[in-house]
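A.B. asks: any chance you can model this:
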Amino acid sequence: MADIGLFPLPLVLLPSEQLPLHIFEERYQDLIGECLENDQEFGVVYSDDGGIRDVGTRAAVVEVLNRFDDGRMNILVEGSERFRLVELTSGRSFQTGRTAPLRDEDDPPKAGSVDHALELFARLRELTGSEVEMPPADSPQLSYALAARVELDAEVKLELLHEVSERVRLDRVSELLVGAARSVERHRLAAERAASNGKVDLG
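C.D. replies: Have a look, this model is predicted:
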């Protein structure tokens, strides 16, 4: 187990996902400054009115985008390994916690599931006109690589974060991609019909 600095946020960071952060509170300036100086990671944990969740993601600063005279900074971070939060600890200006790695079981997806998920993601890219890169098929955790490229609710991302089977997780991501594509198609169809005569054809 290891003690790491924690950054509680009302969002979930997935492994391989990149996230821009604006660091303005002094305690988090301390945390990020220490991580930059010592080339260390910190933990991103989801927090809301219900408190801090027990699973999070280690994050590394991949780029400092801006530094301001008052100590604020804009940074880009990337998620790496997941962890289970064993207990919260104190003694620093920022929140800390004792953590243990959260590792996947030996339950890989079938080749057909990988191809299917990539086809669904390609279809969604086409529908939205997105230029986001396709992840390679041999990504060690393809489910996270795909999910990190799609806008998902925090609760859904928490579900993916907790799941320790890549097979189950990739199937779930495929379901989410199907739902996202259907949503895009419905909105496009409604917009086209509304633009034609201001009415929706029920026939």
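
A.B. asks: all strands of this structure, in order?
C.D. replies: 2-9, 18-23, 42-48, 51-67, 73-89, 96-101 (DSSP state E).

A.B. asks: winner for burial among those?
C.D. replies: Of the strands of the chain, the one with the most neighbours on average (mean count of other Cβ atoms under 10 Å) is strand 42-48, at a mean of 21. Using the backbone N, CA and C atoms, a C-beta is placed for each residue, glycine as well.

A.B. asks: what's that strand packed up against?
C.D. replies: Contact partners of strand 42-48 among helices and strands, from 3 or more Cβ pairs under 8 Å, 6 or more residues apart in numbering; DSSP states H and E: strand 2-9, helix 26-38, strand 51-67, strand 73-89, strand 96-101.

A.B. asks: and the angle from the third one to strand 2-9?
C.D. replies: If you take axes from the mean of the first three to the mean of the last three Cα atoms, to 10 degrees, strand 51-67 sits at 80 degrees to strand 2-9.

A.B. asks: state which helix of the chain is the longest.
C.D. replies: Using DSSP state H to define each element, the chain has its longest helix at helix 166-197.

A.B. asks: buried stuff in it?
C.D. replies: Glu166, Arg167, Arg169, Leu170, Asp171, Arg172, Val173, Ser174, Leu176, Leu177, Ala180, Ala181 (16 or more other Cβ atoms under 10 Å).

A.B. asks: show me what that helix is packed against.
C.D. replies: Partner elements for helix 166-197 (3+ Cβ pairs under 8 Å, 6+ apart): helix 111-128, helix 142-147, helix 154-162.
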